[in-house]
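[1] With the sequence up front, the predicted model follows.
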Amino acid sequence: MIYIELFLGFLKVGCFAFGGAYGAIPLIRDVVMSYGWLSDEMLTYMIAVSESTPGPIMVNLATYIGSSQAGFLGAVIATLAVILPSFIIILLVTALLKTVLKNKYIQAILRGLKPCVIGIVFATGIYMVVSNCFGSISAVSVNFQAIIITAILVGSMFGYKQFKKKKLSPILLIVISAIAGIVVYRM
């Protein structure tokens, strides 16, 4: 039964996760919470780990959750389920690429999805910052260490942009985050 749940849950994520991994995080959270596979806190940690390890976040999360719930076979099933829709879509797109992308209706759909994806990514970021810094609505607790790290990261981003006149590399941001985490949580 767990194999079917993993397959259907991550197939749902793979089918409806538009806008990449950050846009998929709310959907992943919904699926994981509905099946009770991880706690909200553990999922947040796994998202952070998945962001800092090589590979797509959705695949990393599916592999980890599948492994934690049903071992190696669960990891394989969850991973295949999350990549199957994209694989099929890419096969279809490459076969029909020239005609599909010129279609005005497809262009309209893609232009319409952009603001939606931006909103989902922004809302997810705000949710993660607020929940990590201040807890949930039912159990508000201020996490000063998370607030300090968030302030360091925001300060680094804006400070770098002021001095270098360009955006801070996501890789450098991850390195700063790791160093800040080591320093702040060792205190």
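    Looks like it arrived, so ask away.

[2] Quick check: buried residues in stretch 29-38?
    Residues of stretch 29-38 classed as buried: 29, 31-32, 37-38 (neighbour count, 16 or more other CB atoms under 10 Å). For the C-beta atoms, the positions are set from N, CA and C on the backbone; glycine is no exception.

[3] Repeat that for stretch 63-76.
    63-67, 69-70, 74-76.

[4] Going along the chain, name the strands of this protein.
    With strands called from DSSP state E, the chain shows none.

[5] Closest one to residue 181 out of the buried residues of stretch 29-38, please.
    Within the buried residues of stretch 29-38, the smallest distance to residue 181 is 20.3 Å, found for residue 38 (CB to CB).

[6] Relative to residue 66, how far out is the closest one?
    When distance is defined by CB to CB, to the nearest Å, residue 38 is 12 Å away from residue 66.

[7] follow-up on the earlier one: tell me which of the buried residues of stretch 63-76 is nearest to residue 149?
    Nearest member of the buried residues of stretch 63-76 to residue 149, counting by CB to CB, is residue 64, at 22.7 Å.

[8] This protein: helices as residue ranges?
    2-16, 20-35, 40-52, 57-102, 104-134, 144-164, 170-186 (DSSP state H).

[9] Including mean pLDDT, could these go into JSON lines?
    Below are those laid out as JSON lines (pLDDT from 0 to 100):
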{"stretch": "helix 2-16", "mean pLDDT": "92"}
{"stretch": "helix 20-35", "mean pLDDT": "83"}
{"stretch": "helix 40-52", "mean pLDDT": "84"}
{"stretch": "helix 57-102", "mean pLDDT": "88"}
{"stretch": "helix 104-134", "mean pLDDT": "89"}
{"stretch": "helix 144-164", "mean pLDDT": "89"}
{"stretch": "helix 170-186", "mean pLDDT": "88"}
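
[10] Next, report how far stretch 96-111 is displaced from the centre of its chain.
    Chain-centre distance of stretch 96-111: 26 Å, with CA atoms, centre = their mean, to the nearest Å.

[11] With stretch 2-12 instead?
    18 Å.

[12] ok, back up a step: next, format the buried residues of stretch 63-76 as TSV and append distance to residue 170.
    Formatted as TSV, these follow (distance: CB to CB, whole Å):
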residue	distance to residue 170
63	21
64	21
65	24
66	26
67	26
69	30
70	32
74	30
75	26
76	29
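
[13] Looking at those residues, which one is closest to residue 23?
    The closest of those to residue 23 turns out to be residue 65 (CB to CB; 18.4 Å).

[14] Next, find the distance separating the residue lying farthest from the centre of the chain from residue 92.
    The outermost residue of the chain, judged against the average C-alpha position, is residue 99 (31.4 Å), by CA atoms, centre = their mean. Shown here: residue 99 relative to residue 92, a distance of 12 Å by CB to CB.
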